[in-house]
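Participant: give me a model of this one.
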Amino acid sequence: MIEVYAPASIGNFAVGFDSLGAALAPIDGTLLGDIVAVSPATRDEFICSGEYAHKLPSDANENLAYQCLVHFRTHVAPSMPCVKLELKKNLPIGSGLGSSACSVVATFAALDQFAGTALSQVELIELMADFEAIVSGGRHYDNITPCYLGGLQLTGDLIPDKSISLPVDKNWYYVAAFPGFSLNTAKARSVLPRQLSMHASVEFAQRLSAFSTLLLTGRFDNALSIMSDEIAEPYRAPLITGFSEAKAALPELGAEIVSISGAGPTLFTVCKTLEAAQQCAQWLEQNYINEQGFCHICKLDNAGTRQL
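Facilitator: Numbers count the residues shown, from 1 in each chain. The predicted structure follows:
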């Protein structure tokens, strides 16, 4: 049996709408992501288990992981033996943590290993992006590539090999808080402006390019100082109960930035110390999340998708 884990991720990473993403690893060792297990079988079989399996369609044909299996067998490896594929769905749907990307990435990575097809990095990323687009409405790479490759990734069609890894300060901590309710990705995209002004476009280009260059040259504090989302956050914040209160309160507890993870409703902070991260996490647990929510203090998951 082959068992593959794919980590949760923060899409957009504040400054990089549809272009930046970061994989997450809770410091307590929790596996915050999905697992796909593939084993030989006499006929193709699909099982969906895990904490959030009940949130997915009961019909296998409507499940992204099963759709990936059908596509892989039809178009990539027609001679692959029959398999039993189990998706262990451990990430909530519509959380802003790259849940659909986790399922897709883990499935294709596991099938590639099982079938011995040895697809290239670009081939796999393209395949993964095609299927993640079914949920998000477009071929966005900012959850796919960090989930697959790990770390913080600058990603997109114009970038060689689809991704460039960016360094971050090793002392940074990331607090990710899922409030316990879902936000439909399509709805979160529908509130965004259809066009940007020339001023907003130039400012976005300057902020993303400066942020990336500052990280690459080790000027981490300077990078943090310009880390804000002027593209999506102003329009999505009203959709997320409690976000504006958290954005106001957490900087006083040591958060350097507070922003929305992906389309939301998960929020994330960047903190320079563990003490600040713990204070932010405590506030979020008391004021932001309900009984279905969770909060994790994280570092970046630099390993990305891997076999367990």
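Participant: stretch 195-214: which residues count as buried?
Facilitator: Neighbour-count burial for stretch 195-214, counted by 16 or more other C-beta atoms under 10 Å, picks out 204, 207-208, 211-212, 214. All C-beta atoms are positioned from the backbone trio N, CA, C, and that covers glycine.
Participant: with stretch 10-18 instead?
Facilitator: Buried residues in stretch 10-18, counting neighbours by 16+ other C-beta under 10 Å, are found at 10-18.
Participant: ok, how many other residues are close to the nearest residue to Ala186 once chain neighbours are set aside?
Facilitator: Leaving aside its chain neighbours, Ala186 sits nearest to Gly137 (5.8 Å; criterion: C-beta to C-beta, 6 or more residues apart in numbering). Residues near Gly137, counting by other C-beta atoms under 10 Å, number 11.
Participant: hmm, back to that, from the buried residues of stretch 10-18, which land in strands?
Facilitator: 10-11 (DSSP state E).
Participant: now, which of the buried residues of stretch 10-18 sits nearest Ile231?
Facilitator: When these are compared for distance to Ile231 (C-beta to C-beta), Phe17 comes out closest, at 4.5 Å.
Participant: circling back to that earlier point, turn the buried residues of stretch 195-214 into CSV, columns for distance to Pro238, pLDDT and secondary structure.
Facilitator: Shown next, in CSV, are the buried residues of stretch 195-214 (distance: C-beta to C-beta, whole Å; pLDDT from 0 to 100; DSSP: H, G, I helix; E, B strand; the rest coil):
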residue, distance to Pro238, pLDDT, secondary structure
Phe204, 21, 98, helix
Arg207, 22, 98, helix
Leu208, 24, 98, helix
Phe211, 25, 98, helix
Ser212, 29, 98, helix
Leu214, 31, 98, helix
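Participant: ok, so of those, who is nearest Glu3?
Facilitator: When those are ranked by distance to Glu3 (C-beta to C-beta), Ser212 comes first, at 34.4 Å.
Participant: go ahead and confirm that closest one touches Leu166.
Facilitator: Yes: with contact defined as C-beta atoms under 8 Å, Ser212 counts as touching Leu166 (6.0 Å).
Participant: ok so, going back, can I get the buried residues of stretch 10-18 in a markdown table including pLDDT and distance to Gly304?
Facilitator: Formatted as a markdown table, these follow (pLDDT from 0 to 100; distance: C-beta to C-beta, whole Å):
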| residue | pLDDT | distance to Gly304 |
| --- | --- | --- |
| Ile10 | 98 | 14 |
| Gly11 | 97 | 15 |
| Asn12 | 97 | 18 |
| Phe13 | 98 | 16 |
| Ala14 | 98 | 21 |
| Val15 | 98 | 21 |
| Gly16 | 98 | 18 |
| Phe17 | 97 | 22 |
| Asp18 | 95 | 19 |
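Participant: just the buried residues of stretch 195-214 now: which is nearest Leu183?
Facilitator: Nearest member of those to Leu183, counting by C-beta to C-beta, is Phe204, at 22.6 Å.
Participant: who's in contact with that closest one?
Facilitator: 17, 196, 230-231 (C-beta atoms under 8 Å, 6 or more residues apart in numbering).
Participant: for those residues, give me TSV that also has distance to Leu274.
Facilitator: Output for these, formatted as TSV (distance: C-beta to C-beta, whole Å):
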residue	distance to Leu274
Phe17	29
Leu196	38
Glu230	29
Ile231	31
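Participant: name the nearest residue to Asp169, ignoring sequence neighbours.
Facilitator: In space, and not counting its chain neighbours, Asp169 is closest to Phe220: 3.9 Å by C-beta to C-beta, 6+ apart.
Participant: burial measure for Trp172, as a count.
Facilitator: Using other C-beta under 10 Å, Trp172 has 17 other residues around it.
Participant: ok, it - contacts?
Facilitator: 220, 270-272, 299.
Participant: let's see that with 7 Å instead.
Facilitator: 270, 272 (C-beta atoms under 7 Å, 6 or more residues apart in numbering).
Participant: related to what we said a few turns ago, what do Ser212 and Leu166 both touch?
Facilitator: Leu154.
Participant: could you break the chain into its assigned domains?
Facilitator: 2-166, 173-299 (automatic domain parsing).
Participant: where do the strands sit along the stretch 201-308 of the chain?
Facilitator: Assigned by DSSP state E, counting those that start in this stretch, the strands in the stretch 201-308 of the chain fall at 255-260, 267-271, 294-300, 306-307.
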